[in-house]
Structure formats: structure tokens, C-alpha cells
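Trainee: no sequence on this one, just coordinates:
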């Protein structure tokens with residue numbers, strides 16, 4: 001079952017206590033208020049032990065955002081006063097009348113910038129946004145905003161790879177080396193998608209400081225993958241499950257080679273296009289995001305990151321964590337995936353199989369857990385200034401999605417709480 005603030009499976013993958021991470025463009029940095037898996041793109045280092053670097057990043061971030069510490073207005077950090085809602089239901093009656101109150105209470109209690117959430121039942125879809133897109137100018141967060149979804153991208157990438165297998169472009173049993181140049185040994189495509197490749201993430205520690213000084217200095221995805229392939233920490237494929245973003249960077253390259261097109265074009269052709277969803281893609285410089293924020297201490301004020309450039313997805317996180325989406329789009333994707341509209345029922349069973357002797361709690365791009373004894377599938381995501389989570393309970397036909405433009409938000413816990421409440425209401 002999911003435990004604490006995230007899926008226990010990720011805690012097991014690394015075999016060590018989780019840090020309390022926070023992601024700033026995917027690099028190691030400190031964060032407060034929740035736990036998540038240790039990964040390259042979405043894990044934090046303990047900045048409190050690096051006070052000199054902490055001072056540096058504070059100076060850079062304030063300079064980038066046009067703020068200074070003596071300009072801080074305590075009233076500007078109030079968030080739980082703006083609420084927007086959207087309900088789509090056959091009947092006029094709300095299907096989750098408690099959603100707004102629950103989300104607003106979470107935002108208020110944690111002093112969060114903003115949270116958008118959706119509860120989907122067989123009867124209706126209900127959405128709510130609480131807080132702000134822009135604190136300084138008091139611009140409310142809307143239910144139609146585009147958010148970075150971090151590692152939820154892995155679920156979409158896995159679905160795309162499995163769909164290509166069904167279409168005959170590849171086999172999940174294919175050695176990666178059949179499609180992509182590099183020292184992949186006997187690693188198969190399925191082992192990439194299940195994090196059983198034996199690869200370990202490239203340690204980008206320290207690169208964050210270079211990035212904050214010069215955004216063009218960010219390590220690209222090929223550099224990260226090359227470092228992982230050359231690492232002495234890699235182990236035999238199929239021996240254990242170890243969560244690593246580089247698995248999904250390699251999967252993106254496989255998808256390109258097998259499909260004969262760019263990853264982005266394949267995603268549109270086989271997934272987003274047929275579903276008619278237009279706001280789910282790899283982030284680019286043209287992506288419009290709400291204001292997004294980080295904080296340096298548990299009680300610190302949120303610091304805006306709006307002046308840092310967009311485009312992280314296409315540069316580094318890409319198929320592993322670089323996508324953006326909306327509540328409507330991700331709802332449509334999840335509902336279609338579990339209705340066998342993207343892949344077959346047989347393939348979906350493979351994606352949601354959480355234990356096969358090597359895997360434990362993770363299928364193909366999917367966390368496998370339970371809430372109150374009900375099987376639950378989903379994924380969490382963290383990336384600079386954003387936190388996200390989705391949960392789907394097939395038995396009740398229910399989906400919960402949580403997006404936040406505040407990197408300190410414990411989206412997994414809120415998503416689990418909302419799903420628990422929805423299941424309880426359904427009886």
C-alpha cells in the first residue's frame with residue numbers, strides 16, 4: 001500500500017531512507033514538507049549543510065524574479081482566498097461537494113501557493129482550483145491551467161511504447177541496442193519501462209549552481225544517459241528494480257528510432273491526437289505556465305521562479321519527466337488508458353502488474369498500490385516549482401488528479417486523501 005507521503009515501492013527501490021526533496025529544474029536541492037523517490041531529475045540535496053550555496057541560490061533566484069527580501073509583503077503569501085470550480089455532470093447535483101473544502105483546507109494549512117484538483121466518478125467530473133497563479137498580482141489559479149507534470153510523463157511514455165509494440169514497431173522484449181546506439185548490453189525495452197535495467201541515474205549534484213548562473217549550462221538528456229551507461233554503479237539487468245530517470249530517457253530514444261519520427265510526433269500520432277487532447281506535450285519554450293514557486297525553509301515564503309526560462313522538458317527531462325498537461329487532458333488520458341482505448345486489456349494488465357519476482361510496487365510506468373484494500377494505480381511527479389499526482393481505482397471507476405504550482409506541495413498525500421474520500425462516499 002501507499003505509505004506516508006508517497007508510494008512505498010519507490011522507497012524500496014533505492015533501499016535507503018528518503019530525503020525530503022524538492023526539485024529545481026530537476027537537480028538536487030533541499031525541500032521541505034514531503035517525501036519522494038530519489039531520482040536524477042526530481043530529488044533534493046540537503047542545502048542546509050551547504051549554507052554558502054544556499055546563499056548563492058537565494059541571491060540568484062531573487063534576482064531572477066525581480067524580488068528582494070526587503071520587498072516581501074506578508075499579505076502577498078496568503079493563498080486560500082481564491083477558488084474556481086468546474087463541474088461536468090449528467091445531473092445538476094455535485095458529485096464531490098467536499099472537494100473544494102478539502103483542497104482549500106490543505107492549501108490554507110500548509111500555506112501553499114495554489115492547487116488544482118479533479119475528482120472523476122462514473123457520474124461526473126468535478127474540478128477545483130484554490131490559491132493563486134501569481135501571488136504578487138493576486139491572479140487566481142484556474143482549473144484550466146497548464147502544469148508541469150514531472151514523472152507522470154513516465155506513464156504516458158510507457159503507454160506510447162506499449163502502443164508501438166502493439167502496432168508492430170517494436171517488441172518489449174527487444175534489446176535496447178537493437179534500436180539505439182550505446183553500451184546497453186542485454187537491457188530490454190521492458191526493463192527500461194519497469195526500472196529493472198540495472199542503470200543508475202547520473203548525479204547532477206552541483207549542476208544546479210551552473211544552471212542558475214547560466215541556464216544554457218544545463219546537462220542535456222544525452223549527457224545524462226551517457227554518464228549512466230558509463231557508471232560503475234550499473235548492475236546486471238533484471239536483478240533488481242531501481243527507479244532511474246535515465247531508463248525513460250532511453251525509452252524516448254527507442255520510441256524515436258522505432259517509429260521513425262520524433263518522440264513528440266509519435267506521442268501526437270499514437271496517443272494525444274487520437275484522444276483529441278491538445279495541451280499535453282513535452283514542454284517547450286512556447287509553453288505557457290502559471291507562476292511557480294519554491295521555498296527555502298519549511299516556513300519560508302514562496303519564491304517565484306517565473307523569470308527562469310521554460311523549455312526544461314525538451315532540454316533535459318523530456319520523455320522521463322518533461323511533459324505538461326491540464327486537468328482535462330490528464331483526465332481524458334487516464335480514463336482512456338483504463339478503458340483499453342490506448343492499449344489493449346492484455347497490455348494494460350502488463351503495465352499494472354506490480355510484482356513479477358523482480359518488480360515490487362511498480363509496473364510499466366505505473367505505481368501499483370491500494371487504498372483501503374482497493375487496488376490503485378498512478379504516478380507522482382516533481383519538477384521545478386510543481387508537484388503532481390494521479391490515482392485511479394478501476395473497481396470504483398474513480399480518478400483523482402492533483403496539480404500544484406508550489407514545489408513544496410505534498411500532492412501524493414492529497415491525492416490519496418481525495419481518493420479515499422471518494423471511495424468512502426461511493427460506499
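Mentor: Yep, it's here. All of these numbers come straight from a predicted model, not from anything done at the bench.

Trainee: so residue 377 is in which element?
Mentor: strand 374-383 (DSSP states H and E).

Trainee: so for that strand, mean pLDDT?
Mentor: In this model, strand 374-383 carries a mean pLDDT of 94.

Trainee: parallel or antiparallel, list what pairs with that strand.
Mentor: In the sheet, strand 374-383 lines up against strand 367-371 (antiparallel), strand 386-393 (antiparallel) (DSSP bridges).

Trainee: how about low-confidence regions in the stretch 101-250 of the chain?
Mentor: 202-219 (pLDDT under 70).

Trainee: can you pull out the strands in it?
Mentor: 114-120, 125-134, 139-140, 147-150 (DSSP state E, counting those that start in this stretch).

Trainee: tell me which of these is the most buried.
Mentor: Each of these was scored by mean neighbour count; the highest is strand 147-150, a mean of 32, by mean count of other Cβ atoms under 10 Å. For every residue, glycine as well, the C-beta is placed using N, CA and C.

Trainee: which strands or helices does that one pack on?
Mentor: Applying 3 or more Cβ pairs under 8 Å, 6 or more residues apart in numbering; DSSP states H and E, we find strand 147-150 packed against strand 323-325, strand 374-383, strand 386-393, strand 398-404.

Trainee: 7 Å instead?
Mentor: Secondary-structure packing of strand 147-150 (3 or more Cβ pairs under 7 Å, 6 or more residues apart in numbering; DSSP states H and E): strand 323-325, strand 374-383, strand 386-393.

Trainee: adjacent strands (with direction) for it?
Mentor: Strand 147-150 has these strand partners (DSSP bridges): strand 323-325 (antiparallel).

Trainee: next secondary structure element downstream of the partner strand?
Mentor: Criterion used, DSSP H and E; the element after strand 323-325 is helix 327-338.

Trainee: quick check: mean pLDDT of the helix or strand just after that next one?
Mentor: Reading on from helix 327-338 to the C-terminus, the next helix or strand found by DSSP H and E is helix 345-351. Averaging pLDDT along helix 345-351 yields 97.

Trainee: then stretch 300-314?
Mentor: 72.

Trainee: same question for stretch 319-337.
Mentor: Rounded mean pLDDT across stretch 319-337 is 97.

Trainee: about what we covered before: of the strands of the stretch 101-250 of the chain, which is nearest residue 362?
Mentor: Judged by Cβ to Cβ, the one of these that comes nearest to residue 362 is strand 147-150, at 15.8 Å.

Trainee: which residues sit against that closest one?
Mentor: 42, 283, 289, 321, 323-325, 381-383, 386, 388, 403, 405 (Cβ atoms under 7 Å, 6 or more residues apart in numbering).

Trainee: go on, stretch 267-281?
Mentor: 146, 156, 159-160, 163-164, 264, 323-326, 329, 332-333, 336, 342.

Trainee: which of the contacts of strand 147-150 sits closest to residue 300?
Mentor: For the contacts of strand 147-150, the nearest to residue 300 is residue 405 (16.4 Å; Cβ to Cβ).

Trainee: and the pLDDT for that closest one?
Mentor: pLDDT, read off for residue 405, is 96.

Trainee: can you pull the buried residues of stretch 172-184?
Mentor: 172, 175, 176, 179, 180, 182, 184 (16 or more other Cβ atoms under 10 Å).

Trainee: residue 301 and residue 291: what is the separation?
Mentor: Distance, residue 301 to residue 291, by Cβ to Cβ, to the nearest Å: 14 Å.

Trainee: relative to residue 141, which of the strands paired with strand 374-383 is closest?
Mentor: strand 386-393 (12.1 Å).

Trainee: sorry, back to before: got a markdown table for the helices and strands packed on strand 147-150, with distance to residue 102 and mean neighbour count too?
Mentor: Formatted as a markdown table, those follow (distance: least, Cβ to Cβ, whole Å; neighbours: other Cβ atoms under 10 Å):
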| stretch | distance to residue 102 | mean neighbour count |
| --- | --- | --- |
| strand 323-325 | 22 | 28 |
| strand 374-383 | 18 | 25 |
| strand 386-393 | 14 | 28 |
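
Trainee: could the ones you listed be laid out in TSV, adding distance to residue 95?
Mentor: Conversion of the helices and strands packed on strand 147-150 to TSV gives the following (distance: least, Cβ to Cβ, whole Å):
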stretch	distance to residue 95
strand 323-325	22
strand 374-383	18
strand 386-393	15
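
Trainee: wait, which of the ones you listed is closest to residue 118?
Mentor: strand 386-393 (9.0 Å).

Trainee: now the angle from the closest one to helix 327-338?
Mentor: 40 degrees (axes from the mean of the first three to the mean of the last three Cα atoms, to 10 degrees).

Trainee: chain center to strand 386-393: distance?
Mentor: 8 Å (Cα atoms, centre = their mean, to the nearest Å).

Trainee: for it, give the mean pLDDT please.
Mentor: Rounded mean pLDDT across strand 386-393 is 96.

Trainee: touching it from outside, list them.
Mentor: 147-150, 152, 292, 330, 334, 338, 371, 374-381, 399-407, 409, 411-412, 415-416, 419, 423.

Trainee: please repeat the previous calculation with a cut-off of 6 Å.
Mentor: With contact meaning Cβ atoms under 6 Å, 6 or more residues apart in numbering, strand 386-393 is reached by 147-150, 152, 292, 334, 338, 374, 376-378, 380-381, 399-404, 407, 409, 411-412, 415, 419.
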